[in-house]
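Q: give me a model of this one.
(chains A, B, C and D, ligands or ions: 2)
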Amino acid sequence: MSASPPSPAAALPSVEEAVALGLTAAEYALVVDKLGRAPNQVELAMFSLLWSEHCSYKHSRKLLRTLPTEGPRVVMGPGENAGAVDVGDGLAVAFKVESHNHPSAVEPFQGAATGVGGILRDIFAIGARPIAVLDSLRFGEPSSPRSRFLLDGAVSGIGHYGNSIGVPTVGGEVYFEAPYEQNCLVNAMALGLAESSRMIRSAAAGVGNVLVLFGASTGRDGIGGASVLASAEFGEADEDKRPTVQVGDPFEEKKLLECSLELLERGLLVSLQDLGAAGLTSSASEMASKGEVGVEIDVSKVPLREADMEPFEVMVSESQERMLCVVEPARVGEVLALCHKWDVHGTAIGTVTDTGHVVVRDGDRVVGDMPVAALVDDCPLYDLAPAKPPQPLYAAPVRTLEPGASPRETLLALLSSPNVASRLPLFQQYDWLVQSRTVRRPAQADAAVLRLPNGRAVATSIDGNGRRVACDPYNGTVANVLECASNLACVGAEPLGTTNNLNFGNPEKPHIAWQLTEAVRGLGDACRALDAPIVGGNVSLYNEAADGPIYPTPVVGMVGEVPDPERAGRLGFSETDPTRPDVVGFAGPFRPHLPGSELAKLRGEPLPDGLPAADVAAVRAAQEAIRDAVRAGELSSAHDVAEGGFLVAVAECCLAGDVGAVLDVGASDDTDRLLFGEAPGGFVVSGPEDAVRRLAERVELDVFGRVGGDALEVTVGGERIDVPLAELREAHRALAPLFP
Amino acid sequence: MTTFGVIRFPGSCDEVDALQAARHFGEAKLLWHKDRDLGGVDAVVVPGGFSYGDYLRVGAIARFSPVMESVAEFARSGGLVLGICNGFQVLCEAGLLPGALLPNLERRFICRQLGIEVVSDATAWTAACSPGDVLSIPVKHTSGRYYVPDDQLADVNVVFRYAHDGNPNGSTNDIAGVANAEGNVVGLMPHPEHAVDPLTGSTDGLKLFESAVRERVPA
Amino acid sequence: MARVRVLVRPKEGILDPQGQAVEQALPALGFDGVSNVHVGRLVELDVEDPGQVPAMCEKLLANTLIEDYEVVEEGAAA
Amino acid sequence: MARVRVLVRPKEGILDPQGQAVEQALPALGFDGVSNVHVGRLVELDVEDPGQVPAMCEKLLANTLIEDYEVVEEGAAA
Ligand SMILES: Nc1ncnc2c1ncn2[C@@H]1O[C@H](COP(=O)(O)OP(=O)(O)O)[C@@H](O)[C@H]1O
Ligand SMILES: [Mg+2]
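A: Ligands and ions are numbered 1, 2, ... in the order given. Now for the predicted structure:
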């Protein structure tokens, strides 16, 4: 440990400055203790970032340790840049979700674009070629101009980056709820494909090896971003805290991606790491920590976009589109030559040492010297103090549907509700087909299906209704996991692994701590029950504004296996032979309830305190029955019941297939609950009568009618609802005007 | 055996898809943007994507790459050249095809499967089609609005039009693709290389690659 | 070194959807009395020989089929 | 009616990939001695009250988080 401060012994920053950078006074004291002296500016900047919530997970790490992370198909679990699962024949699919909420709230286009750029780097940092992006978005109600501005910007930004870099955006989700008005959520998930034997880790190794930085030059982007952006609550008076917005350059990243993969293919790298939050600081320290070595970096060698940057600025800059690799000295020439081939700047900026320290030099001067362990491992982890709030945290939604609406009016209102209406106006701005893998694209099926070079396919979906979780953090999170797995089941996929993004408010508040604790418990229990281990994820806390926290939003992404892509399921009804129409079945242990549902929202009802618990084992059994029937090619369509309930699901099947249906659902003592209630575990299926009846041997199932015609006709308890397809379609188009 | 060469610029996105599509009918290899040598290929595909980031103006910088100088020569001597999407934009910028591609009227990226009608089968890349055929092929672009000044419109060798009111970008006269006067150079905004497999969409795009092969082996 | 500004604008008669979008958005924000809005490109550069700039425009900076350009010298580069 | 020109350019220090691309392309075309290239947007409009233009820039024409703007009056609109 170096007891004397590195030269020059300029005035050392004060504890007040440390606090302004986001450390607590106690944390600052701990830094002094670990260093054996007060940190200088470079060191303080680096500690403040690595000890920020974003990098240290200090309020969530203990909870995350409770999650199931192991399974027979897991190739890489949490801890690396992305997790990965085995998909057979020596291939692995890597995947991870990450948030870019706060940058997107400041500048939605660039915030969302750089969010996509960041998650893609995590994928190719482990040596996988990115093959798909999914986006999970939350905004305030579209009636608000700010929400429309954020929506438009975020969607354009995601498209801009993904389309330009040649990675298809194959799925996603969007919800509109008032609590996201000030704090929008922009989460992006990516999948990548790798030969398992070629995957690379980030641990630095080999004393004397060289650190090569390659990609874009370094500017003052996002300085202080990780600590200020990720830990401060947003308020009105935040103007002066705004950091420089990071501008994404997908062209640079495309070159970086190809260059990285070719470097790996040629076996030129010892380890590889992307530069994300906290830039060089976190990538170098984490590489050193994982490899249990030291590193020495000379900031004067880092190519700069702006002259006169201070050493600490170089170390914490969040300039996009950069990677750091460890290379044996003899291969440095080849590495730089390959960088040159791709018109990517590559520069040797340091070495791997045996000191166990991160040493920062500026030419001859040592400007920072810290033990790796202090930076990476010694940040205190905090226990949460969860307490269920005594009163409701969230205001009742604004009523948009008058009481007494008929089932027909209710159906149309639900179909045009922003949370249910067709997402086509969003996803047609995304290239969903580049790379020629997309077997099921958005709106064709509940999960996207991508074929693999080994003749099989993977399915992927991302889900996370926050309102449910606001009603009941445990059961709501379980429902999100079940929904994601149900989406996979409908295309015939079995879950292989899960990723998640925990978007919550300020965990230092007991009621947020309670939401977070319960949600993580639900996430773990549900993933255990489904044998869908968690291979990675991300946590975004402090999503609060003056008017309160966001809905607690654990977003769940899964990847599943589809043995035969030819048989991947579809959600739309089809009419192949009108003389022998498909029958429509309703399957699963579905126990619908209205409180907390989309209909309850339209009616302006307050969120209930608690949701009924799902029978997870029964839902899993139903998923397996549906999956097997789809895989056997027995069904024409399968679609899980989600927001809006049974009748909305049927209408979606009609719209996707451009064909009507005639159903008689029998009598009910509570028509609204039957038609529009929500719960996990319900599936609308269609197919030849004998096939649908066979499914009834494995799962509760009612045959309600048949496919055909150009209207949805439903008889319920003697009452008839009859809506032409054109009218359903018109209602379903409700988001189109948001993209003029 | 026909050998296709598919150019790879930094920023190309659909070059591997084009390679796979071409391999249904012949051999195919990538041509690097910094190489002048076309490696003796029989036909060149200038693929989709965002060459050199498409900064400044779509296709503007790529046209000056070393490989494009050779492609221009190849085209002028009768070589078969197909420009898809960004490739079409590059060929227009390079003056190998008439006109220019402007931002979509709706100003947004649009990705959609649609019908394009074959107007002319008298080109190297449509010989296997018949006029009036409607091919199901996807488009995906932000700048696909075909434009030529009115006084040059009559001279344009139109090869494809967007069928039945499907014009996604505001192109003049629904023009989706054009050829040079000789018919050896064709450019279009839709992506035939993404319509070569029933599993991922349709197979109608194969017709273009098949045409190029047929062209080389006159019946 | 001279600082030079190149203004590139859509040729007259060519639909300019970006200009139209701006023109339509302004009244909604409370700005009236605006018309004839066009959106183009601004390229600024330091150049040793400003006499070369028109040639740069013809070759690269503008597509003269669809765009007009105007070169403005701003004096010596800072 | 006055004709007004608004020049919108990337703020100093903000990444300008377009400017970089042009700067790199020019030497390859035989134009040397060019540096400090930036690409921005040009908005031209006829406006009754030119005094309103800065407000329009703040609200719509420029993204002031990442762009600077400059308003140039061109005299009476044609
Ligand atoms: N909610 C979570 N569940 C499981 N793993 C998580 C979660 N959040 C973060 N992780 C894991 O912690 C590690 C650090 O995450 P992060 O800081 O986001 O990495 P990066 O800097 O590479 O983006 C990763 O391996 C990630 O998968
Ligand atoms: Mg990473």
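
Q: right, is stretch A:317-335 up against chain B?
A: No. Judged by C-beta under 8 Å from any C-beta of the partner chain, stretch A:317-335 and chain B are separated, with a smallest distance of 11.6 Å. For the C-beta atoms, the positions are set from N, CA and C on the backbone; glycine is no exception.

Q: so for that stretch, what gets flagged as buried?
A: Neighbour-count burial for stretch A:317-335, with 16 or more other C-beta atoms under 10 Å in any protein chain shown as criterion, is recorded at A:317-327, A:331-332, A:335.

Q: those residues in helices, which ones?
A: A:Val332, A:Val335 (DSSP state H).

Q: what about the residue positioned nearest the centre of chain A, distance to A:Ala485?
A: The residue lying closest to the centre of chain A (C-alpha atoms, centre = their mean) is A:Val97, at 3.3 Å. Computed as C-beta to C-beta, to the nearest Å, the A:Val97 to A:Ala485 distance reads 16 Å.

Q: how about the residue in the stretch 351-500 of chain A positioned nearest to chain C: what's its closest non-neighbour residue?
A: For the stretch 351-500 of chain A, the residue closest to chain C is A:Gln429, as judged by C-beta to the nearest C-beta, at 15.6 Å. Distances taken as C-beta to C-beta, 6 or more residues apart in numbering or on different chains place A:Gly159 nearest to A:Gln429, at 4.4 Å, with adjacent residues excluded.

Q: before we move on, what about A:Gly464?
A: Here the residue nearest A:Gly464, using C-beta to C-beta, 6+ apart, is A:Val555, at 3.5 Å.

Q: would you say that neighbour is within a strand?
A: Yes. The assignment for A:Val555 is a strand, going by DSSP: H, G, I helix; E, B strand; the rest coil.

Q: for the closest residue to ligand 1 within the stretch 201-350 of chain A, list the residues it contacts.
A: Closest residue of the stretch 201-350 of chain A to ligand 1, C-beta to the nearest ligand atom: A:Gly276 (4.3 Å). Residues in contact with A:Gly276, defined by C-beta atoms under 8 Å, 6 or more residues apart in numbering or on different chains, are A:Gly118, A:Arg121, A:Asp122, A:Ser282, A:Ser283, A:Glu318.

Q: look up how far A:Glu306 lies from the fourth one.
A: Taking C-beta to C-beta as the measure, A:Ser282 and A:Glu306 are separated by 21 Å.

Q: over to the first one?
A: Summarising the geometry, the distance separating A:Gly118 from A:Glu306, computed by C-beta to C-beta, is 21 Å.

Q: mind checking which of these two has more residues around it?
A: Taking neighbours as other C-beta atoms under 10 Å in any protein chain shown, A:Gly118 and A:Glu306 compare with A:Gly118 leading, 26 against 15.

Q: and the more buried one, its phi and psi?
A: phi -70, psi -40 (degrees, to the nearest 10).

Q: A:Asp525 now?
A: phi -60, psi -50.

Q: so which residues of chain C form strands?
A: Along chain C, the segments classed as strands by DSSP state E run C:2-10, C:34-47, C:67-76.

Q: pull the number of nearby residues for the residue nearest to A:Gly464.
A: 29.

Q: nearest residue to residue 47 in space, please, no chain neighbours.
A: I'll assume chain A. With sequence-adjacent residues excluded and distances taken as C-beta to C-beta, 6+ apart, A:Phe47 is closest to A:Val31, at 5.0 Å.

Q: think we crossed wires, I meant chain C
A: Computed as C-beta to C-beta, 6+ apart, the closest residue to C:Val47 that is not its neighbour in sequence is D:Val34, at 5.1 Å.

Q: just the helices in the stretch 601-740 of chain A please.
A: Secondary structure of the stretch 601-740 of chain A by DSSP state H, counting those that start in this stretch: the helices cover A:616-631, A:645-657, A:671-676, A:689-695, A:725-732.

Q: is A:Gly222 part of a helix or strand, or is it coil?
A: A:Gly222 is classified as coil under three-state DSSP.

Q: so what does it look like in phi/psi?
A: With angles defined as degrees, to the nearest 10, A:Gly222 sits at phi 60, psi 30.

Q: wait, it touches A:Glu313, no?
A: No. Using C-beta atoms under 8 Å, A:Gly222 is not in contact with A:Glu313; the gap is 10.8 Å.

Q: any residue of stretch A:112-127 touching chain D?
A: No. Shown here: stretch A:112-127 not in contact with chain D (C-beta under 8 Å from any C-beta), separated by at least 10.3 Å.

Q: lowest-pLDDT helix or strand in chain B?
A: helix B:206-216 (a mean of 89; mean pLDDT, DSSP states H and E).

Q: pull the residues that contact that helix.
A: Contact with helix B:206-216 is made by B:2, B:4, B:21-22, B:24-26, B:42-43, B:80, B:82, B:123-129, B:133, B:135, B:186, B:192, B:195-196, as judged by C-beta under 8 Å, 6+ apart.

Q: what subset of these is buried?
A: Buried residues within those, defined by neighbour count using 16+ other C-beta under 10 Å: B:2, B:4, B:21-22, B:25-26, B:42-43, B:80, B:82, B:123-129, B:133, B:135, B:186, B:192, B:195-196.

Q: in the stretch 601-740 of chain A, which residue sits nearest chain C?
A: A:Pro740 (8.1 Å).

Q: could you count how many residues lie near that residue?
A: Neighbours of A:Pro740 under the rule other C-beta under 10 Å: 12.

Q: show me what contacts the residue in chain C that chain A sits nearest to?
A: Closest residue of chain C to chain A, C-beta to the nearest C-beta: C:Ala21 (8.1 Å). If you count contacts by C-beta under 8 Å, 6+ apart, C:Ala21 has them with B:Arg107.

Q: surely B:Lys140 is in contact with B:Gln113?
A: No. Using C-beta under 8 Å as the test, B:Lys140 is too far from B:Gln113 to be in contact (9.9 Å).

Q: which one's more surrounded, the two?
A: Using other C-beta under 10 Å as the criterion, B:Lys140 and B:Gln113 rank with B:Lys140 on top: 28 against 18.

Q: can you confirm that one is in a strand?
A: Yes. Assessed by three-state DSSP, B:Lys140 belongs to a strand.

Q: against A:Arg61, how distant is it?
A: Noted for B:Lys140: a distance of 42 Å to A:Arg61, by C-beta to C-beta.

Q: and for A:Gly537?
A: To A:Arg61, A:Gly537 is 12 Å away according to C-beta to C-beta.

Q: any part of stretch A:289-298 near ligand 1?
A: No. Counting by C-beta under 6 Å from any ligand atom, ligand 1 is not contacted by stretch A:289-298; separation bottoms out at 10.7 Å.
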